[in-house]
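>>> model the following, please.
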Amino acid sequence: MTPVNKSSKIIESLEDINRLIHEPSRLTIMAYLSVVESADFLFLVRQTGMTWGNFSSHISKLEAAGYVDINKEFIGKKPHTVASLSKAGRLAFKEYRGRMKKLLE
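Purely as a prediction, here's the structure:
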């Protein structure tokens, strides 16, 4: 493969990357959620090192895309919010990982 063809293939691969997931903060959230069934917001905020506002903004975008399910409940009188990847989110993350692996080979 000539250098020009290789460059064109890399650019095409980059265009196929899911930009919603590719943003570093959202990628971090998706990566944490991909290895667990669910996680509460406090755990995710602590693990990602994000501020509450930043985390809220990114998790909302993932929820709006249908990648994350959010369940709110009360434990005693305290609110408890849990996030998990939806089926669509797991599939999107799997596809994202596959495309990135191909791109980096």
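
>>> what about the helix or strand hosting residue 58, distance to the chain center?
Remark: residue 58 resides in helix 52-64, with elements defined by DSSP states H and E. Distance of helix 52-64 from the chain centroid (CA atoms, centre = their mean, to the nearest Å) equals 11 Å.

>>> tell me the mean pLDDT for it?
On average, the pLDDT along helix 52-64 is 97.

>>> and the helices in the chain, which stretches?
Using DSSP state H, the helices found in the chain span residues 3-15, 19-22, 24-34, 41-48, 52-64, 87-104.

>>> which one, of those, ends up nearest to residue 74?
Nearest to residue 74 among those is helix 41-48; the distance by CB to CB comes to 13.9 Å. C-beta: built from backbone N, CA, C; applies to glycine.

>>> helices or strands up against that closest one?
If you count contacts as 3 or more CB pairs under 8 Å, 6 or more residues apart in numbering; DSSP states H and E, helix 41-48 packs onto helix 24-34, helix 52-64, strand 78-85.

>>> hey, which helix or strand in the chain has the poorest pLDDT?
helix 3-15 (a mean of 61; mean pLDDT, DSSP states H and E).

>>> give the contact list for the residue most central in space within the chain.
Nearest to the mean C-alpha position of the chain, by CA atoms, centre = their mean, lies residue 30 at 2.7 Å. Residue 30 is in contact with 21, 62, 67, 85, 89, 93, 96, counting by CB atoms under 8 Å, 6 or more residues apart in numbering.

>>> so what's the first one up against?
Contacts for residue 21 were tallied using CB under 8 Å, 6+ apart; they are 27, 30, 67, 92-93, 96.

>>> tell me the contacts of the closest residue in space to it that isn't next to it in sequence?
Ranked by CB to CB, 6 or more residues apart in numbering and with sequence neighbours excluded, the top spatial neighbour of residue 21 is residue 96, at 4.8 Å. Residues near residue 96 by CB under 8 Å, 6+ apart: 17-18, 21-22, 30.

>>> which one of the helices and strands packed on helix 41-48 lies nearest to residue 40?
If you check each of those against residue 40 by CB to CB, strand 78-85 wins as the nearest, at 5.1 Å.
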